[in-house]
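Peer 1: From the sequence below, what's the structure:
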Amino acid sequence: MSFRREKYVPAGGPDGGDGGDGGSVIFEADKGLNTLYGFRHRRKFSAGDGEEGGKRRCHGRKGEDLILKVPEGTVVKDAASGKVIADISGDHLRVVVLPGGRGGNGNMHYATSTMQAPRYAQPGTDALELEVILELKVIADVGLIGFPNVGKSTILSRISNARPKIADYHFTTISPNLGVVDNGDGSGFVAADIPGLIEGASEGAGLGHEFLRHIERTRVLVHVVDAASVEGRDPVDDIRKINSELADYHAGLEKKPQVIAANKIDAIFTEEGAEDPVERIRNAFETEECRVFPVSAATGEGLKELIGHVRKMLSELPDEPAVFEQEFFPEEELKVEELPYTVSYDAKEKTYIVEGPRIERMLGYTNLESEKGFAFFQRFLKENRILDELEKQGINDGDTVRIYGFAFDYYKDRENDDE
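Peer 2: Numbers count the residues shown, from 1 in each chain. A predicted model of the protein is given here:
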């Protein structure tokens, strides 16, 4: 709020400038990042405040935007509801998650023929505040899944340019490794070895949810099993258990196109008359939709045939990675109705006064000079029971209601029982 004061200009009028908008919170994909580790130790982030308006109609500077760099594939969720706010992938590599508050109007906007020196400036709208969860869901065409120590990382190292850490103990891989499989013609596809799943993963056992979420974006699953039962596991039982975990975690996840890689055939020693373990897996699971390929990650045997089949499957599927649709809209969900307001009567001025954070927030995004804006303002007063409160305090037709810099005469529409 400001008034022009210059020599020889005794009544210069209001000259308060508008406040600048607040900065926005923006999530942006950074191709050089592959983890969310940077958010582990710092949890609170704020965009810049808008600058106050100045004298002589000077407009305040806009607040500085806060740009949070995340890996491509990061899903931003509302912490309270778990609903998706943004999926930083595909065509949405830069998303404004929280827009900055709108700067208020200076008092120069409120001069009228009857009020030439308005002592009111519109407050800026409050910043939106939100607690979010960040989840990184790997973007890969092919996911290698299976129990720990069945050879997923070794297969990935054989078929792609990836060089994952490999050792002969459980859970060598604790985060997905990505590798590009070259098709030989300049094209290729991305494969990921998903860390080993265990029974109960869908209920959060071990790091079950941490691992399972990376499968959601894949187009084809390569189910790797230890056909030689080197550790005494039953490969048929393992496949059933993993598919059960997929089904329990997310409806339809187990229905993704799948191929079975019966690994470690170099270690198979079948006694005479005993059933070949690869044939046993084929008899249990092989169909036209789900082929079984005997392979050896150690020697490379069978991998060429496996990858050729996977290429064919990918060529027949839509070339679109899964993108999670927005379910939570901060501007709509963080509603103004949660803020307080007061209705009082000024006996000296003979005026009813309506004020408070809820009213300030509403004025911040409503243009009362437009027909639509004024209609919204009327609905706002009714839906928030402000008119009911005025009636409780004894308001009558023709009485004045003051809402910050605005003054209105109150009249009730008797025919429609509306105000």
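Peer 1: mind checking how far stretch 176-195 is from the chain centre?
Peer 2: Remark: stretch 176-195 is offset 26 Å from the chain centroid, using CA atoms, centre = their mean, to the nearest Å.
Peer 1: Kindly report the same for stretch 31-51.
Peer 2: Stretch 31-51 sits 14 Å away from the centroid of its parent chain (CA atoms, centre = their mean).
Peer 1: That stretch spans what distance, first to last residue?
Peer 2: Between the opening and closing residues of stretch 31-51 we find a distance of 33 Å, counting by CA to CA, to the nearest Å.
Peer 1: Output the below-cut-off pLDDT ranges for the stretch 301-419 of the chain.
Peer 2: Within the stretch 301-419 of the chain, the set of residues satisfying pLDDT under 70 comprises 320-321, 331-339, 364-367, 370, 413-419.
Peer 1: For it, which segments count as helices?
Peer 2: Per DSSP state H, counting those that start in this stretch, the stretch 301-419 of the chain has helices spanning 303-315, 330-333, 357-364, 371-383, 386-392. These are given in chain order.
Peer 1: lowest-confidence helix or strand of this protein?
Peer 2: helix 208-212 (a mean of 58; mean pLDDT, DSSP states H and E).
Peer 1: Let me see the residues that make contact with the helix or strand just after it.
Peer 2: Proceeding N to C from helix 208-212, the next assigned helix or strand is strand 220-226, under DSSP states H and E. Applying CB atoms under 8 Å, 6 or more residues apart in numbering, the contact partners of strand 220-226 are 141-147, 149-152, 155, 191, 215, 233, 235, 238-239, 242, 256-264, 281, 306, 310, 313-314, 317. Glycine gets a C-beta too; all of them are placed from N, C-alpha and C.
Peer 1: Give me the buried subset of these.
Peer 2: For the contacts of strand 220-226, a burial check counting by 16 or more other CB atoms under 10 Å picks out 141-147, 149-152, 155, 191, 215, 233, 235, 238-239, 242, 256-264, 281, 306, 310, 313-314.
Peer 1: Show me the residues you listed that map onto strands.
Peer 2: The members of those that map onto strands under DSSP state E are Val142, Gly143, Leu144, Ile145, Ala191, Gln258, Val259, Ile260, Ala261, Ala262, Asn263.
Peer 1: who touches the second one in this structure?
Peer 2: Right, Gly143. Neighbouring residues of Gly143 by CB under 8 Å, 6+ apart: Ala191, Ala192, Ile194, His214, Ile215, Thr218, Val220, Leu221, Val222.
Peer 1: same deal with the fourth one?
Peer 2: With contacts taken as CB under 8 Å, 6+ apart, Ile145 has the following neighbours: Lys152, Ile194, Leu197, Ile215, Leu221, Val222, His223, Val224, Ile242.
Peer 1: so which of those would you say is closest to Tyr249?
Peer 2: Distance to Tyr249 across the contacts of Ile145 (CB to CB) is lowest for Ile215, with 8.2 Å.
Peer 1: Count residues in the vicinity of the residue nearest to Tyr410 when sequence neighbours are not counted, would you?
Peer 2: Among residues not flanking Tyr410 along the chain, Asp399 sits closest, at 5.0 Å (CB to CB, 6 or more residues apart in numbering). When counting by other CB atoms under 10 Å, one arrives at 17 neighbours for Asp399.
Peer 1: just Arg361 next, same as before
Peer 2: Neighbour count for Arg361, taken as other CB under 10 Å: 21.
Peer 1: Please list all residues in contact with the closest residue to Leu221 other than its chain neighbours.
Peer 2: In space, and not counting its chain neighbours, Leu221 is closest to Gln258: 4.5 Å by CB to CB, 6+ apart. By CB under 8 Å, 6+ apart, the contact set of Gln258 is Val220, Leu221, Val222, His223, Glu289, Cys290.
Peer 1: Quick check: Ser157 is in a helix.
Peer 2: Yes: membership of Ser157 in a helix is supported by DSSP: H, G, I helix; E, B strand; the rest coil.
Peer 1: and it, what pLDDT?
Peer 2: Here the pLDDT value assigned to Ser157 is 87.
Peer 1: Output the below-cut-off pLDDT ranges for the stretch 151-300 of the chain.
Peer 2: Confidence mapping of the stretch 151-300 of the chain against pLDDT under 70 gives the ranges 162-175, 186, 196-211, 250-252.
Peer 1: do that again at 50, thanks
Peer 2: Low-confidence segments of the stretch 151-300 of the chain (pLDDT under 50): 167, 169-173, 201, 204-208.
Peer 1: how about the helices in it?
Peer 2: Across the stretch 151-300 of the chain, reading from the start of the chain, the helices by DSSP H, counting those that start in this stretch fall at 152-159, 208-212, 235-249, 277-285.
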